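Asks: My questions concern the predicted model and sequence given below.
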Amino acid sequence: MKYLVHLRPPIAFSNRVDVFRERIIGYITGIPGQILHCTLMAPYAKKEDEEEILWGLDNIRGEPFDIETGRMELFDKSSLVIRMKEHPGLIDLHQKVIDSLNGFVDHDETPGLDRAYADDEQRVAVYNQYGSPYYGEFFNPHMTIAAVNPLIIRPGLFDEGLFAGRRWIVDSFYISRKEGGGWKTVRRFLLDPTTQI
């Protein structure tokens, strides 16, 4: 079963991205099935391990932190993304999440390693440990807007800095489970459960 541990931006920010998607609809080849988010980890795990997974995530603690968006760019040649600026709180939260879920990765369900990384010993090691070559030192936080025709990236079509510099406080994170053709939110976790939101 596929899970998604993620951060969610404020609703007003997500709404602005929806308006932007409408503006570039002619270049869009696909829109992600889940809400706008920044992935912390997207493991395949056994459904019977879900309670232990939730318990582990519920025990992650940290101080809320300020996060900031960077510029839009193409990722993997056809995904239009908004980069997140590096922040120690974000890197720390990612590391806590992957450490918490490390023992629950179902390697039988996890898709194989992309051939592009087959000769990269570090990527292979990260994939073997966490089920993805994009975690740990290779974590590259972003939010996917849409799959697009790469021709969208050209001067004058849109401002790549349109969403740059937007900030919000991260005080929680979520886990969702893939069900059918969509995603179901399983739980929200507070970084500091003594804080009332």
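Replies: Looks like it arrived, so ask away. Residues are numbered from 1 along each chain as shown.
Asks: where does the protein have its least confident helix or strand?
Replies: Of the helices and strands making up the chain, the lowest-confidence element is strand 28-30, at a mean of 91, by mean pLDDT, DSSP states H and E.
Asks: can you list contacts of that one?
Replies: By CB atoms under 8 Å, 6 or more residues apart in numbering, the residues outside strand 28-30 that reach it are 21, 78, 146-149. Any C-beta I mention is one placed from the backbone N, CA and C, and that applies to glycine too.
Asks: From those residues, keep the buried residues only.
Replies: 21, 146-148 (16 or more other CB atoms under 10 Å).
Asks: so how far is the longest strand seen in the chain off the chain centroid?
Replies: Criterion DSSP state E: the longest strand present in the chain is strand 65-75. Remark: strand 65-75 is offset 12 Å from the chain centroid, using CA atoms, centre = their mean, to the nearest Å.
Asks: and the helix or strand just after that strand, what's its mean pLDDT?
Replies: Using DSSP states H and E, the helix or strand that follows strand 65-75 towards the C-terminus is strand 79-84. Over the span of strand 79-84, the pLDDT mean works out to 95.
Asks: Tell me which two of the contacts of strand 28-30 sit farthest apart.
Replies: The largest separation in the contacts of strand 28-30, counting by CB to CB, is between 21 and 78 at 15.1 Å.
Asks: which stretch of helix or strand covers the residue nearest the centre of the chain?
Replies: Centroid-nearest residue in the chain, with CA atoms, centre = their mean: residue 39, separated by 1.3 Å. Following DSSP H and E, one finds residue 39 within strand 38-41.
Asks: Could you do residue 100 as well?
Replies: Using DSSP H and E, residue 100 falls in helix 88-101.
Asks: Dump the C-alpha coordinates for that helix into CSV.
Replies: Extracted C-alpha coordinates of helix 88-101, given in CSV (Å, rounded to 0.1, in the frame of the first residue of the first chain):
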residue,chain,number,x,y,z
PRO,A,88,17.1,23.2,8.9
GLY,A,89,13.7,22.5,10.4
LEU,A,90,12.5,21.0,7.1
ILE,A,91,15.6,18.8,6.7
ASP,A,92,15.3,17.7,10.3
LEU,A,93,11.6,16.8,9.9
HIS,A,94,12.4,14.8,6.7
GLN,A,95,15.1,12.9,8.5
LYS,A,96,12.9,12.1,11.5
VAL,A,97,10.1,10.8,9.2
ILE,A,98,12.4,8.6,7.1
ASP,A,99,14.1,7.2,10.2
SER,A,100,10.7,6.5,11.8
LEU,A,101,9.4,4.7,8.7
